[in-house]
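# Fold the stuff below for me.
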Amino acid sequence: MRSFRPLAAVGLLFGTTVLGAQGVTSISASGIGDHVASLITVADPAIPSASAPAVGYNDPRYQSPYGTGFDGVARLLMTDNQGFITSGCTGTLLWTGQDVLTAAHCVTSGSNVVTASSVYSGFLNPTGGVTNIKSSAIYVNPAYNGGLAANPNGSAIDPNDIAIIHLSRPADSWMTGYYLYGGDPIGQPTIFAGFGLTGNGITGGTVNTLFDDVLGTGQPVRRLAVNEWDETLTADASSIYSGFATPILLSDFDNGTLAGNTLCNFFGGPGNPAGLPPDQLANVCNPGYGIYEGMIDSGDSGGPGFIWDAAMGRYEVAGVASFGSLRCWNPSDGSATNPNPDGSCPPNYALNGGYFGSYAGHVDPAVGANFAFIASATPEPSSIALLATGLFAVAPTMVRRKRSKI
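Below you'll find the predicted structure:
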């Protein structure tokens, strides 16, 4: 583990928000590994069945069909130069009405070089289907390098994991465009939204509906859950801050127990051996949101973390889903173990995320190189300028069955 370089004396102005390390406590991030990927898994452990279909992850409280306020959250399908679908992610329509915000790793292969030939942004429409809009351009944050600061061989952890999909036509009027959130995102109720794998905190992510329309088995499902960001992580993954000090925002999947409160345990638990101020301790060791708690997983990459801006009366994008922890899980007996050093699992086990105690990272789009990139990639500089003044005070799921075209 690299030595920690303190930032306590520095307050850096990134875009619209001051990332101030003053008054926050840092610890070693030895618990953060490279076995990370980026579903909405939910707290309710009930398993849907023919006799009780609307329970667990199918409970309406976790779903957001057309008309429920999140119609600008899109399912993204990446295609190769022959038009075949290669992977799926989530994205968010921005205020421009023709640009979708997502994660850089969704459209690249570990660098800032775009590997997706095209991206189709799919919006759940008023007739119960999906309206797909093809990209006309794909832009990746030039500061993104596939996590070389966290691991010289590349890592899922990268503070600049941001990309913009420019649509080939303006979005329809019913597709909501969102602004960026310019405040401190730590410790605030946050809605995670995405189209990725689903399941519950016990099973983790096991059910994939992202490609259902393409495969002819139904329609993709947009799911929601509540969580909050408790801490921030350094770009080299060596240290965790108890406050808003870096663009990498950390959350965990709480189940109301100390054993499941991973980020609290990183700081030594509620006994507070790190000496955190009361407000920071409350954030770090919050017990979660009960039955409404949830976590991102594969396919939710690039999806938004929304915070309500009471002054403006709207949800704004405060984070872009980037990575999450993984375990090896045996579906036959429910046992779990850590991945092997090479990231593989023992026989009868499979990589699995979104379980109770798992942690995940979003990157803040409104700070540093992320904000500068969005300002340069979106075609309405007047809007981004207004945002900067405060006036307008977020691993893809892979196709595993037959190759499909859209």
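# mind checking how far stretch 64-80 is from the chain centre?
Here stretch 64-80 is found 14 Å from its chain centre; the criterion is C-alpha atoms, centre = their mean, to the nearest Å.
# no no, stretch 203-222
Using C-alpha atoms, centre = their mean, the offset of stretch 203-222 from its chain centre is 18 Å.
# Give the buried residues for it.
Buried positions in stretch 203-222, judged by neighbour count with 16 or more other C-beta atoms under 10 Å: 203-214, 220-222. For glycine as for every other residue, the C-beta is placed from the backbone atoms N, C-alpha and C.
# Which ones among those lie within helices?
212-214 (DSSP state H).
# Paired strands for the helix or strand encompassing G122, with orientation please.
Secondary structure assignment for G122, by DSSP states H and E: strand 118-124. Take DSSP bridges as the rule and strand 118-124 pairs in its sheet with strand 73-79 (antiparallel), strand 130-140 (antiparallel).
# so of the ones you listed, which one's packed in deepest?
Using mean count of other C-beta atoms under 10 Å, the stretch among these with the largest mean neighbour count is strand 73-79, at a mean of 28.
# ok, and what's touching the strand holding G122?
For strand 118-124, the surrounding residues in contact (C-beta atoms under 8 Å, 6 or more residues apart in numbering) are 65-66, 71-72, 74-79, 83, 91, 93, 100, 107, 130-135, 138, 165, 167, 171-172, 175, 213, 219-220, 222, 406.
# in this protein, what residue sits furthest out from the centroid?
S51 (32.9 Å; C-alpha atoms, centre = their mean).
# roughly how far apart are it and S136?
As judged by C-beta to C-beta, to the nearest Å, S51 and S136 stand 47 Å apart.
# Phi and psi next, for the most centrally placed residue in the chain.
In the chain, the residue lying closest to the centroid (C-alpha atoms, centre = their mean) is A321, at 1.5 Å. Phi and psi for A321, reported as degrees, to the nearest 10, are phi -60, psi 130.
# swap in the one 3 residues further on?
According to degrees, to the nearest 10, the main-chain angles of G324 amount to phi -160, psi 160.
# nearest residue to it other than its sequence neighbours?
A360 (3.7 Å; C-beta to C-beta, 6 or more residues apart in numbering).
# helix, strand or coil for the one you found?
strand (DSSP: H, G, I helix; E, B strand; the rest coil).
# and it, what does it touch?
Going by C-beta under 8 Å, 6+ apart, the list of residues near A360 reads 38, 250-253, 295-296, 321-325.
# Residue ranges in the stretch 51-200 of the chain under the pLDDT threshold?
For the stretch 51-200 of the chain, no stretch is flagged by pLDDT under 70.
# How are the helices of it distributed by residue range?
Counting by DSSP state H, counting those that start in this stretch, the stretch 51-200 of the chain has no helices at all.
# same deal with the stretch 301-406 of the chain?
368-377, 381-389.
# Which of those has the lowest mean pLDDT?
Mean pLDDT is lowest for helix 381-389 among those, at a mean of 41.
# Go ahead and confirm C285 touches N261.
Yes. Between C285 and N261 there is a contact under C-beta atoms under 8 Å: 6.2 Å.
# Give me the more crowded residue out of these two.
Taking other C-beta atoms under 10 Å, C285 and N261 do not tie; N261 has more neighbours (24 against 21).
# Pull the contacting residues for the closest residue to that one other than its chain neighbours.
Counting by C-beta to C-beta, 6+ apart, N261 lies nearest to D254, which is 5.5 Å off, once chain neighbours are set aside. Contacts of D254 were listed using C-beta under 8 Å, 6+ apart, and they are 260-261, 286-289, 293, 356.
# element containing D254, please.
Assigned by DSSP H and E, D254 falls within no helix or strand.
# burial of W308, as a residue count?
W308 has 16 neighbours, counted by other C-beta under 10 Å.
# Show me what it is bridged to.
Going by DSSP bridges, W308 forms beta bridges with Y315.
# Alright, that wraps it up for me.
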